[in-house]
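Colleague: Sequence and predicted model, in that order:
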Amino acid sequence: MQKGMNSILVTGGGGFVGSHVAEFYAKKDKRVAVLDNLSRTKLLKKEDKNQEYNWNYLKKYENIELIKGDIRRKEDLSKAIDGIDAVIHCAAQTAVTTSVIEPEPDFTTNALGTFNVLEAVRKNDVKAIVYCSTNKVYGENVNKIPIEEGEKRYSFGKEFSEGVPEKFSIDLCEHTPYGCSKLAGDLYVQDYAQLYGIKTGVFRMSCIYGTRQFGVEDQGWVAWFTIAALTGKPITIYGDGKQVRDVLFVNDLVEAYDAFLESSLKQGVFNTGGGAKNTLSLRELIEILEEDINGKIKSSFSDWRPSDQKVYISDISKLKEQLQWEPKTSPEEGVKELIEWVKENKKLF
């Protein structure tokens, strides 16, 4: 983090990515404030006995202040942001299917909530903000890219062999409410850099996975498949299972955020994932897991979900060039670490 940035606010810091961010900076002896309304269960409409696991996990760090509050409430933000130098904005409604069923909380959290965070940043002279965006900002346009079908996976054609670049079109396609709300925040963050001179980093994330991730069917598929495989739960595969994502281990993601905050860049938009060298299809992940459990996973197939992308791979060349960053953890290494964490914490599931 640049000189003079000694305090950081992590919105959604009680969640998977946010808690890893908070821990990273706590270990760097920064003052960390975590703001979270702990609403995952309510938003996903699924029982989650581990909703406060990461929140409680962070209590061991004396330099982390845990604040229960909501980014949709300006007064909560005003209290949390006092004296803060940089914000990493992770708070969000994160499930595509949830946004389709109930679009209003998706909008108020992702679009209006992000606007509130930006206004708090502007009015409190915060130096920088990192925004957790998504590959879903590109919507159905991704499915217009020519693909090739293999035995276990789809792949992009030669023109997009390195993945989707940041200049790829976001227009004239279906996004789902989730994609729309996240794109609204994405654009607002970019504009606040232009209008108000705030240092802003927009990270359009692909599939992030790792330890302390309580994946469910609607969100966090690598973790969900791993948890299900090791606890004997059935898995529903939507589509044919050949869908491919570039996967990025959460520790590598946090280092990308930090590389931006440490950099001299005033603003940046980055497609963020494992890139072309770190990809998995659903079928390939199942094979890895079946090898670990030495047996077959209970699985069935169902219809494709709205706006599901058959292939999404991030072109991470901009991240490499501008931030001298690249993934350190291969899918095999990362999934193995996730498997070990689930095994060590089976009582949680």
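Modeller: Cool, the structure landed.
Colleague: For Met1, give me the pLDDT.
Modeller: Listed pLDDT for Met1 reads 68.
Colleague: what do you get for Gly4?
Modeller: 69.
Colleague: low pLDDT regions in the stretch 51-200 of the chain?
Modeller: Counting by pLDDT under 70, the stretch 51-200 of the chain contains no low-confidence range.
Colleague: residue ranges for the strands of it, please.
Modeller: For the stretch 51-200 of the chain, the strands defined by DSSP state E, counting those that start in this stretch occupy 64-68, 86-89, 128-134, 147-149, 154-156, 199-205.
Colleague: For Ser181, which of those is the nearest?
Modeller: strand 128-134 (9.8 Å; Cβ to Cβ). Yep, even glycine has a C-beta here, placed from its N, CA and C like the rest.
Colleague: Direction included, what does the closest one pair against?
Modeller: Counting by DSSP bridges, the strands paired with strand 128-134 are strand 86-89 (parallel), strand 199-205 (parallel).
Colleague: what about Tyr178, how many neighbours?
Modeller: Residues near Tyr178, counting by other Cβ atoms under 10 Å, number 27.
Colleague: sorry, back to before: save the strands paired with strand 128-134 as a markdown table, and put in mean neighbour count and distance to Gly273 too.
Modeller: Converted to a markdown table, those look like this (neighbours: other Cβ atoms under 10 Å; distance: least, Cβ to Cβ, whole Å):
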| stretch | mean neighbour count | distance to Gly273 |
| --- | --- | --- |
| strand 86-89 | 27 | 18 |
| strand 199-205 | 24 | 7 |
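Colleague: Could you export those strands to a markdown table, including columns for distance to Val121?
Modeller: Putting these into a markdown table (distance: least, Cβ to Cβ, whole Å) gives the following:
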| stretch | distance to Val121 |
| --- | --- |
| strand 86-89 | 6 |
| strand 199-205 | 9 |
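Colleague: What ranges does the stretch 151-300 of the chain have for its helices?
Modeller: 176-196, 221-231, 250-262, 282-293 (DSSP state H, counting those that start in this stretch).
Colleague: Indicate which one of these is closest to Gly150.
Modeller: helix 282-293 (10.0 Å).
Colleague: So for the closest one, what gets flagged as buried?
Modeller: Going by neighbour count (16 or more other Cβ atoms under 10 Å), the buried part of helix 282-293 is 282-286, 288-289, 292.
Colleague: For these, please prepare TSV with the additional fields pLDDT.
Modeller: Shown next, in TSV, are the buried residues of helix 282-293 (pLDDT from 0 to 100):
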residue	pLDDT
Leu282	97
Arg283	97
Glu284	97
Leu285	97
Ile286	96
Ile288	96
Leu289	97
Asp292	94
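Colleague: and of those, the nearest to Tyr312?
Modeller: Leu282 (12.7 Å).
Colleague: Next one: that closest one relative to Gln243, how far apart?
Modeller: Going from Leu282 to Gln243 by Cβ to Cβ, to the nearest Å gives 6 Å.
Colleague: and if you look at Gly139?
Modeller: 16 Å.
Colleague: hmm, back to that, out of the strands of the stretch 51-200 of the chain, the one nearest Glu102 is which?
Modeller: Comparing the strands of the stretch 51-200 of the chain by Cβ to Cβ, strand 128-134 comes nearest, at 18.2 Å.
Colleague: Flag every buried residue along that closest one.
Modeller: Using 16+ other Cβ under 10 Å as the test for burial, strand 128-134 gives 128-134.
Colleague: cool, and stretch 239-252?
Modeller: Neighbour-count burial for stretch 239-252 [16+ other Cβ under 10 Å]: 241-252.
Colleague: Spit out the contact partners of the residue lying closest to Asn110 once chain neighbours are set aside.
Modeller: With Cβ to Cβ, 6 or more residues apart in numbering as the criterion, Asn110 has its nearest non-adjacent residue at 3.6 Å, and that residue is Ser181. Applying Cβ atoms under 8 Å, 6 or more residues apart in numbering, one finds that Ser181 lies in contact with 93, 99, 106-107, 109-111.
Colleague: Since that was my last question, I'll sign off now.
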